[in-house]
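Trainee: Structure of the sequence below:
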Amino acid sequence: MTCFNELYADHFFFVASGISLLAALVMIWTVRTQAFHGKVFYALTFVGVIWTLLSVGLEAASAGQDCQLGWATVAWLGNALVPVAWCFFVLSYLGNGAWPHAGKARVAVVVFPVAALAFAATNPWHNLLYLDTTAIPVGSDRIDFDHGPAFYVIIAILYAFVLAALWRLAGAFRRARRSAWALLATLVGVTISPLVANAAYVGFGFRVFGVDPTAYLFTLGVLLFTWLLVSNKTIDMASVGRSILFDTMSEPVVLIDRQRNVVLMNMAARRSALVDGGGALLRAVIRDMDFSGRAAGDAHVGVGEKVYEPRSAGIENPLDPAGPVLGWSVTFVDITDRIAASAALQEALRKADEANRAKDEFIAVVSHEMRTPLTSLKSGLTLALSGRLGELSDQVRSSLEIAHRSGVRLSRLVDDILLAQKMDLGALSLESQRVDLARSLEESIEENRTFASARGVRLAIARIDRPAMVVGDAFAIRQIIDNLVSNAIKFSDEKGVVEGTLRNEGGRLRLSIRDTGRGIPEGNEDVVFGRFRQVANGKQGSTQGSGLGLHIARRLARQMEGDVFYESKEGVGTTFHLEFNQAISVEAAPPRMVG
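Mentor: Residues are numbered from 1 along each chain as shown. Just a heads-up that it's a prediction; the model follows:
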């Protein structure tokens, strides 16, 4: 503790402590707020400087030889750390972070300072760093160090790190632009000044206030460089990047002041036709702008074959962000291709509309023209099959029955096409009346039994909740149910079962048609309810039909504020649901099971 007895009365120690505190605060602030390469080595340099400052201050504040020699020994950790860390900082900073031996650099930053401290601490055993003649001379209060050969070896090694940094700086001078020379000169000054001071101290015994001035001079240099690092944008990536981006971007950009004078323009603006003829067109555009992002009167500016859209952004005053802007940045966005593409798209849409109308008219005309001969054909075949025109042989009757079934199917296709066409045009008018959904289901099941029997499919009704009154068009509702039932029959395997149910679920009536077919793969809803599209049947590829039935069913249901959807599992079957709101709120009767 005797080495600390006089610290409180020593002004030199307080100066060293104050400078160390300032250096620590600058280091913490810089590391936390600034982004630059070599930050770790930069921070370690500060740590070494602070360590050396405090050690030198403690040495100066101590009176005895043992205390002064002890603090001088402790200072070797900082003495060695500073040049090594600074060297690696310069290499990393100037090399843009590309240090090829980063792992070795980190090892060196630790090994050399620790080795120097260990060698100094063991000096009483070998006397290679300080000779036995090291002592406080008579009449002096400062120790006079008599250096041994190891001292000069360590100093030479540390000087080698400093010279490596200077060599790297010399190479940077050869490659750098003149705008970066001020920054490089500062780095050279920070690097070489402590080297000169230390050489004067070692070679000639030069001291300031009785102590080695190296640490204080280096601290001053590092603080100066820190200020330059924060304020200088020579190699700041963001600043340089913004400058390059401004001058190399393909769109013309101009900066104008509050008097609407052009202050700066990028290369694209200087090369554009905006500045032809002395820049009269550019001045006219700027004069007419209201600086809300668009030009007054016309948002587009035509220049030769180019069309530009001027967009402005205010440049705020950093001293008064809420006050008037310093000026504006105006970017002339080239929209020539966009205008051409928009015009081409409009023309394509116009042609598509015309083609669609022509298609609709063609389908409508063809469908209407087919209806009359189809009606006559079906009537004639029905009359012939009735026997009123005479007896028919079995072979003739078979052929007429095939023709009759084909005519019925073709007639249904024409009707479906016309119905879909009416819905597309919004020309389908549906009635609003009370419809018994249960009765419609029962009638549809009964009328489809013959079709089901011919395909080897059994129809059944499992459950009906009554009353089941809805509001809608009776014919349209029946058409929806017929489509669901016939569709289930078509997609059922032989000896399969199609089952109908009607449930009242909280005032919402759900009519369900379940089949035991192969099911529908996931992600096929657009196909199921699409126009002229069918999900492939496992055995048959695609079943017979127009591919309009389910499409029409869903659209009819939704037009009557209902819906059609399905649930399916491959290999198990599919259940289609038809939902409507119940017509009146009444207490539902107990469910009736129907076989």
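Trainee: Please list the outside residues in contact with stretch 564-580.
Mentor: 437, 470-472, 480-481, 484, 487-488, 491, 508-521, 525, 528-529, 550, 553-554, 557-558, 560-563 (CB atoms under 8 Å, 6 or more residues apart in numbering). Heads up, the C-betas are built off the backbone N, CA and C, glycines and all.
Trainee: which regions of the stretch 451-595 of the chain sit below the pLDDT cut-off?
Mentor: 531-547, 584-595 (pLDDT under 70).
Trainee: same deal with the stretch 251-400 of the chain?
Mentor: 277-278, 291-299, 317-321, 323, 358-372, 374-376, 378, 383-384, 389.
Trainee: Distance check, residue 327 against residue 288.
Mentor: As for residue 327, its distance to residue 288 is 17 Å (criterion: CB to CB, to the nearest Å).
Trainee: So between the two, which is more surrounded?
Mentor: Using other CB atoms under 10 Å as the criterion, residue 327 and residue 288 rank with residue 327 on top: 22 against 13.
Trainee: partner residues bridging that one?
Mentor: residue 257, residue 315 (DSSP bridges).
Trainee: what's it in contact with, if anything?
Mentor: Taking CB under 8 Å, 6+ apart, we find residue 327 in contact with 255-258, 263, 314-315.
Trainee: switch to 10 Å and redo it
Mentor: Listed by CB atoms under 10 Å, 6 or more residues apart in numbering, the contact partners of residue 327 are 255-264, 291, 312, 314-317.
Trainee: just residue 151 next, same as before
Mentor: Counted by CB under 10 Å, 6+ apart, residue 151 has contacts 76, 119-120, 123, 128-131, 145, 202.
Trainee: same thing but 6 Å
Mentor: residue 129 (CB atoms under 6 Å, 6 or more residues apart in numbering).
Trainee: any idea how far it lies from residue 119?
Mentor: 9 Å.
Trainee: Okay, strands next: where are they in the stretch 451-595 of the chain?
Mentor: 458-464, 469-472, 497-505, 508-514, 563-569, 573-581 (DSSP state E, counting those that start in this stretch).
Trainee: same thing with the stretch 201-350 of the chain?
Mentor: Using DSSP E, counting those that start in this stretch, the strands assigned to the stretch 201-350 of the chain run over residues 253-257, 262-265, 301-303, 306-315, 327-334.
Trainee: Partner strands of the shortest one and their direction?
Mentor: What that stands for is strand 301-303. With DSSP bridges as the test, strand 301-303 is paired with strand 306-315 (antiparallel).
Trainee: The strand it pairs with to strand 253-257, inter-axis angle?
Mentor: 40 degrees (axes from the mean of the first three to the mean of the last three CA atoms, to 10 degrees).
Trainee: buried ones in strand 306-315?
Mentor: Buried positions in strand 306-315, judged by neighbour count with 16 or more other CB atoms under 10 Å: 307-312, 315.
Trainee: Residue 326 contacts residue 313, doesn't it?
Mentor: No. Between residue 326 and residue 313 there is no contact under CB atoms under 6 Å: 11.8 Å.
Trainee: Looking at the strands of the stretch 451-595 of the chain, which is nearest to residue 186?
Mentor: Residue 186 lies closest to strand 563-569 among the strands of the stretch 451-595 of the chain, at 75.1 Å (CB to CB).
Trainee: Which positions in the closest one come out as buried?
Mentor: Residues of strand 563-569 classed as buried by neighbour count (16+ other CB under 10 Å): 564, 566, 568.
Trainee: a markdown table for the strands of the stretch 201-350 of the chain, including distance to residue 346?
Mentor: Below are the strands of the stretch 201-350 of the chain laid out as a markdown table (distance: least, CB to CB, whole Å):
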| stretch | distance to residue 346 |
| --- | --- |
| strand 253-257 | 30 |
| strand 262-265 | 34 |
| strand 301-303 | 19 |
| strand 306-315 | 16 |
| strand 327-334 | 20 |
